[in-house]
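> pasting the sequence and the predicted model now:
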Amino acid sequence: MTQPEAAFFTVDHGTATTAAALFGRLGGRWRLLAAGAVPAGIGTEVLLADLADRARSAEASLLPDDASWENWTRLESTTAPPPPIVLAATSERSLAVLEPAFADAGWRISAHATPDRLDAIAVTEALLAPDLRAVALGAGSADRGALSDLAAVVAAAVARRNDVRVLLCGEAAVAATWFPPAQVTQLPGPDDRSSSGGGALLEIAERLAGEPWSRAGAQPERSARGRAEYRRAVASLAVVLDLRLDGIDIGAAAGARVLAGPAGVERFMVRAEAALLPAPAPDGRDEEQLIDEVVSWSPVRDDGQTVRDRVRNLRLAPWRDAAGDGARLRLAAARAALVRLETAWSAGSPGAGTRGAGAAGSPGTERPAGPVLGASASPDMLVASGGVFAVGPPPVVALALIDAVRRPGAVALVLDHARALAPLGSLEDEADRRRLLADLADDLLLPLGGAILAGGLRPGRKAHLRVESEGASSETILTPGTVQVVDLPPGLLGSVEIFAPDDLWVGVRAKRVRFEMAGGLGGLLVDTRGIPLRLPQHPERRREALDAWQRPLWTAVDA
């Protein structure tokens, strides 16, 4: 796309829905003309035709007269369910390195085995599963002795599975003769890790997860590199905006996260368990526990079994029941997914604080609802993506994000509402990508609002908030344990100052802090609840607390 086009589409092929957007030239720059989404089973052509018709009916002069929309350029991105993999390692130490590398790269680990805990029947069943994509066999330099027995079990199970990759990591390469050469891929070993914790093993595992793989008698799969393309787009956007961005994408099949700044990508992760409602994992997390996590975030008062059935339906038909209480349940599922992603992110972040990490609704009196990263990890802007966020109004979506991703300090919250970032990331040329994003950033990023998370305000104590913008000022009294919305519309910059009788925790400890904040459709959210957020254990008390925080924002929209 080195030459300007009159119009082009972006298409994001998700596992549950397909989102598309139409862009045209206006005033010498690219602008978003129309966007929409349909269930994944509906043909893409129907969606694109609808976007073209909507744009023509609104302003026909923005589109070319002589060309049909079928011929316009398309930037497409595809995501797929995380591919299943079985991990076998010659020691617990090697497995401890292999597991996060493959999990962070977007694989779903269906079973693991080491000589100390080798359940031959269970591993064989996992290796014979029809949807199995690969088996990884790893050995470190100090534990090759147990390799032959482990390799024999794996080789016997995959002997007639020419549709399964065999990934030999490190010293396991000596077992290559046990497997058909066409199925074998050699990867770096468990000891080959970079100082940043990523390493060549994770990079190759990520590439393999997105590659097409042909099963016997079937057509080759479509390359599914959407999450890597999302990472690339967020990295380019960070350069264009000159900001440190935290990109979070919650999908029906997996969750992805990228931290990027003007110098490039700092960290990236794809996790199967961070899906909106993931498949039960082999580590003992069963279906009922997953549903419990969603229900623990829900303010919906209804028959308990009815609510649980509606949550189950999120996996079967994610596009259904998306209004009213259905929207509230979806955002409860999004919170649970965000907490799972944040937990994995914090656990693998060197030096990141995980003070009080825990899950809402787990046993105890008052439990934190998620981990919190150290102040050094705080971004300037959180970029949310995923169809689940389309069901709620901006202030409600903003609250969902800060309920689960809790970092002290100030952050701007935006939404990739047209789901165009991943398709734009499919552009190979970095200069083209940056030029497009420079034009489109204002159109693509819906400003949900700003958020200030201030911990440490003691019960019975009050703080004062002063906002100055365009010559006008307002003051608000802040009380502990609340979320208060201050009017700060999109496009306005405000000077926000907080005066407190006690030291507040806003990344630093101080009684007086000042931020420069941008406005948004949800205004400015000032959160003086605990960091991490603590929810009551008792279901009714927890539901009352969630309803007290959420209802004013829904009411303001419904009024």
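Yes, it's here. Residues are numbered from 1 along each chain as shown.

> might one say that A20 is in contact with V11?
Yes. Using Cβ atoms under 8 Å, A20 makes contact with V11 at a distance of 4.8 Å. Heads up, the C-betas are built off the backbone N, CA and C, glycines and all.

> identify the contacts common to those two.
When contacts are counted by Cβ atoms under 8 Å, 6 or more residues apart in numbering, the set common to A20 and V11 consists of T44, L48.

> what residues sit buried inside the single longest strand found in the chain?
The residue-count maximum for a strand in the chain (DSSP state E) belongs to strand 493-505. Judged by neighbour count using 16 or more other Cβ atoms under 10 Å, the buried positions of strand 493-505 are G494, V496, E497, I498, F499, A500, L504, W505.

> how many residues are close by R301?
For R301, the neighbour count with other Cβ atoms under 10 Å is 12.

> and what of L168?
24.

> do the one 5 residues further on as well
Here the neighbour count serves as a burial measure; for A173 (other Cβ under 10 Å) it reads 14.

> what does S148 give?
S148 is flanked by 12 other residues according to other Cβ under 10 Å.

> who touches the helix or strand hosting it?
When secondary structure is defined by DSSP states H and E, S148 falls within helix 147-158. In this structure, residues lying in contact with helix 147-158 by Cβ under 8 Å, 6+ apart are 86, 88-90, 113-115, 118, 120, 123-124, 127-128, 135, 137, 139, 164, 166, 171-172, 174-175, 178-179, 183.

> now do the same end-to-end measure for stretch 268-277.
Between the start and the finish of stretch 268-277 there is a gap of 21 Å, counting by Cα to Cα, to the nearest Å.

> and it, how far out from the chain middle?
Computed by Cα atoms, centre = their mean, to the nearest Å, the separation of stretch 268-277 from the middle of its chain amounts to 6 Å.

> and that stretch, which residues are buried?
Going by neighbour count (16+ other Cβ under 10 Å), the buried part of stretch 268-277 is F268, M269, V270, R271, A272, E273, A274, A275, L276, L277.

> which ones are touching the residue lying closest to L26 once chain neighbours are set aside?
Distance criterion Cβ to Cβ, 6 or more residues apart in numbering; nearest residue to L26, sequence neighbours excluded, is L62 at 6.0 Å. Residues in contact with L62 (Cβ under 8 Å, 6+ apart) are A7, G24, R25, L26, R31, L33, A55.

> just the pLDDT for L62.
Per-residue confidence at L62 stands at 76 (pLDDT).

> so how far is A34 from it?
As judged by Cβ to Cβ, to the nearest Å, L62 and A34 stand 10 Å apart.

> any common contacting residues for the two?
Shared contacts of L62 and A34, defined by Cβ under 8 Å, 6+ apart, are found at A55.

> next one: the helix holding S148 to chain centre, how far?
In terms of Cα atoms, centre = their mean, the gap separating the centre of helix 147-158 from the centre of its chain is 36 Å.

> following element in sequence after it, please.
Reading on from helix 147-158 to the C-terminus, the next helix or strand found by DSSP H and E is strand 165-170.

> that next one pairs with which strands?
Partner strands for strand 165-170, per DSSP bridges, with pairing direction: strand 134-139 (parallel), strand 184-187 (parallel).

> same question for the first one, mean pLDDT?
Confidence for strand 134-139, expressed as mean pLDDT, is 89.

> ok, back up a step: how about the contacts of L62 in CSV, adding pLDDT, secondary structure and neighbour count?
Listed next are these as CSV, based on pLDDT from 0 to 100; DSSP: H, G, I helix; E, B strand; the rest coil; neighbours: other Cβ atoms under 10 Å:
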residue, pLDDT, secondary structure, neighbour count
A7, 87, strand, 21
G24, 89, strand, 20
R25, 82, strand, 18
L26, 81, strand, 14
R31, 92, strand, 15
L33, 93, strand, 22
A55, 88, helix, 20
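
> among these, which two are most distant?
Distances among the contacts of L62 were taken as Cβ to Cβ; the most separated pair is R25 and A55, at 12.2 Å.

> how about stretch 456-474 as PDB, C-alpha atoms only?
Output for stretch 456-474, consisting of C-alpha atoms alone and laid out as PDB, is shown next (Å, rounded to 0.1, in the frame of the first residue of the first chain):
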ATOM      1  CA  GLY A 456      -4.000   4.600  51.000                       C
ATOM      2  CA  LEU A 457      -6.900   6.900  51.800                       C
ATOM      3  CA  ARG A 458      -8.000   5.800  55.300                       C
ATOM      4  CA  PRO A 459     -11.700   5.300  56.400                       C
ATOM      5  CA  GLY A 460     -13.200   8.400  57.800                       C
ATOM      6  CA  ARG A 461     -10.600  10.600  56.000                       C
ATOM      7  CA  LYS A 462     -11.400  12.700  52.900                       C
ATOM      8  CA  ALA A 463      -9.200  14.100  50.100                       C
ATOM      9  CA  HIS A 464      -9.900  17.000  47.800                       C
ATOM     10  CA  LEU A 465      -9.700  16.900  44.000                       C
ATOM     11  CA  ARG A 466      -9.300  20.000  41.900                       C
ATOM     12  CA  VAL A 467      -9.700  20.000  38.100                       C
ATOM     13  CA  GLU A 468      -8.700  23.000  36.000                       C
ATOM     14  CA  SER A 469      -9.500  23.000  32.300                       C
ATOM     15  CA  GLU A 470      -9.800  25.900  29.800                       C
ATOM     16  CA  GLY A 471      -9.900  28.400  32.600                       C
ATOM     17  CA  ALA A 472     -12.600  26.700  34.600                       C
ATOM     18  CA  SER A 473     -12.100  24.800  37.800                       C
ATOM     19  CA  SER A 474     -14.100  22.400  39.900                       C
END
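
> quick check: buried residues in that stretch?
Of the residues in stretch 456-474, those buried by neighbour count under the rule 16+ other Cβ under 10 Å are G456, L457, A463, L465, V467, S469.

> sticking with the fifth one, tell me its helix or strand.
Which is V467. Here V467 is covered by strand 463-469, with elements defined by DSSP H and E.

> and that strand, which strands flank it?
strand 472-478 (antiparallel), strand 493-505 (antiparallel).

> ok now the last one, how far from the chain's centre?
Relative to its parent chain, strand 493-505 has a centroid offset of 30 Å by Cα atoms, centre = their mean.

> ok, what's across the strand from P447?
Here P447 sits in beta bridges with V414, as judged by DSSP bridges.

> how close does it sit to L436?
Look at P447 and L436: by Cβ to Cβ, they are 20 Å apart.

> tell me which of those two has more neighbours.
The neighbour count for P447 versus L436, taken as other Cβ under 10 Å, is higher for L436 (24 against 21).

> please tell me I have it right and the more buried one contacts W30.
Yes. The criterion here is Cβ under 8 Å, and L436 meets it with W30 at 6.2 Å.

> now do the contacts for the closest residue to G520 other than its chain neighbours.
In space, and not counting its chain neighbours, G520 is closest to G449: 3.2 Å by Cβ to Cβ, 6+ apart. By Cβ under 8 Å, 6+ apart, the contact list for G449 reads P394, P395, A398, L413, L488, G519, G520, L521, G522, G523, L524, L525.

> and what of F515?
F515 makes contacts with A410, I452, S495, V496, E497, as judged by Cβ under 8 Å, 6+ apart.

> in a markdown table: those, plus distance to R227.
As requested, these are arranged in a markdown table below (distance: Cβ to Cβ, whole Å):
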| residue | distance to R227 |
| --- | --- |
| A410 | 28 |
| I452 | 30 |
| S495 | 38 |
| V496 | 35 |
| E497 | 40 |
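
> farthest pair in those residues?
When the contacts of F515 are compared pair by pair using Cβ to Cβ, the maximum separation belongs to I452 and S495, at 12.6 Å.
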